[in-house]
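A.B. asks: Just a sequence and a predicted model for now, questions to come.
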Amino acid sequence: IEYVYFLLAGEFVKIGKTSGDPSARISTLQTGSPYPISLLAHMHGGQKEEFELHRQFSKYRVRQNGEWFHYDGELKKIIAEIAMEEFA
């Protein structure tokens, strides 16, 4: 099963994908981050869904073609909706 995940680090969100437990990505990424990283939400999906989210929220991107985004506006709202669906 593949998942698209949203990880929070400071004021930034990483949108990525994994074929395993999304929370397992935290330990891998934590060593390179000055901020504590936490899992905000995840959903079923693979590379197609990940790329679509990157395109949809490109205006929030921290660096061109990167996977880190500013945790703000519509992106913040969508993540909250996905998180609520997880627990519904």
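C.D. replies: Here it is on my side, so go on.
A.B. asks: alpha carbons only for contacts and neighbour counts from here, please
C.D. replies: Noted.
A.B. asks: Tell me, please, where in this structure the pLDDT is lower than the cut-off.
C.D. replies: 88 (pLDDT under 70).
A.B. asks: Can you show me the helices along it?
C.D. replies: In the chain, the helices defined using DSSP state H lie at 24-30, 47-56, 73-86.
A.B. asks: Okay, buried residues for the second one please.
C.D. replies: In this case it means helix 47-56. 49-51, 53-54 (16 or more other CA atoms under 10 Å).
A.B. asks: which residues sit against that helix?
C.D. replies: 4, 15-17, 67 (CA atoms under 8 Å, 6 or more residues apart in numbering).
A.B. asks: Give me the subset of these lying in strands.
C.D. replies: Per DSSP state E, strands hold the following members of the contacts of helix 47-56: 4, 15-17.
A.B. asks: Which one of the residues you listed is nearest to Tyr71?
C.D. replies: Ranked by distance to Tyr71 (CA to CA), those are led by Ile15 at 10.7 Å.
A.B. asks: Run a quick neighbour tally on the spatially closest residue to that closest one that is not a sequence neighbour.
C.D. replies: Distance criterion CA to CA, 6 or more residues apart in numbering; nearest residue to Ile15, sequence neighbours excluded, is Phe6 at 4.9 Å. By the criterion of other CA atoms under 10 Å, Phe6 has 25 neighbours.
A.B. asks: change the start of the numbering to 784 and stick with it
C.D. replies: New numbering, starting at 784: the last item is Phe789.
A.B. asks: wait, doesn't Phe789 sit right on Ser806?
C.D. replies: No: under the criterion of CA atoms under 8 Å, Phe789 is not in contact with Ser806, lying 9.9 Å apart.
A.B. asks: shared neighbours of these two, which are they?
C.D. replies: Common neighbours of Phe789 and Ser806 (CA under 8 Å, 6+ apart) are Leu822.
A.B. asks: ok now stretch 785-795, how far from the chain's centre?
C.D. replies: Mean C-alpha position of stretch 785-795 versus that of the full chain (CA atoms, centre = their mean, to the nearest Å) differs by 3 Å.
A.B. asks: List the buried residues in that stretch.
C.D. replies: 786-792, 795.
A.B. asks: And for stretch 799-808?
C.D. replies: 799-801, 805-806, 808.
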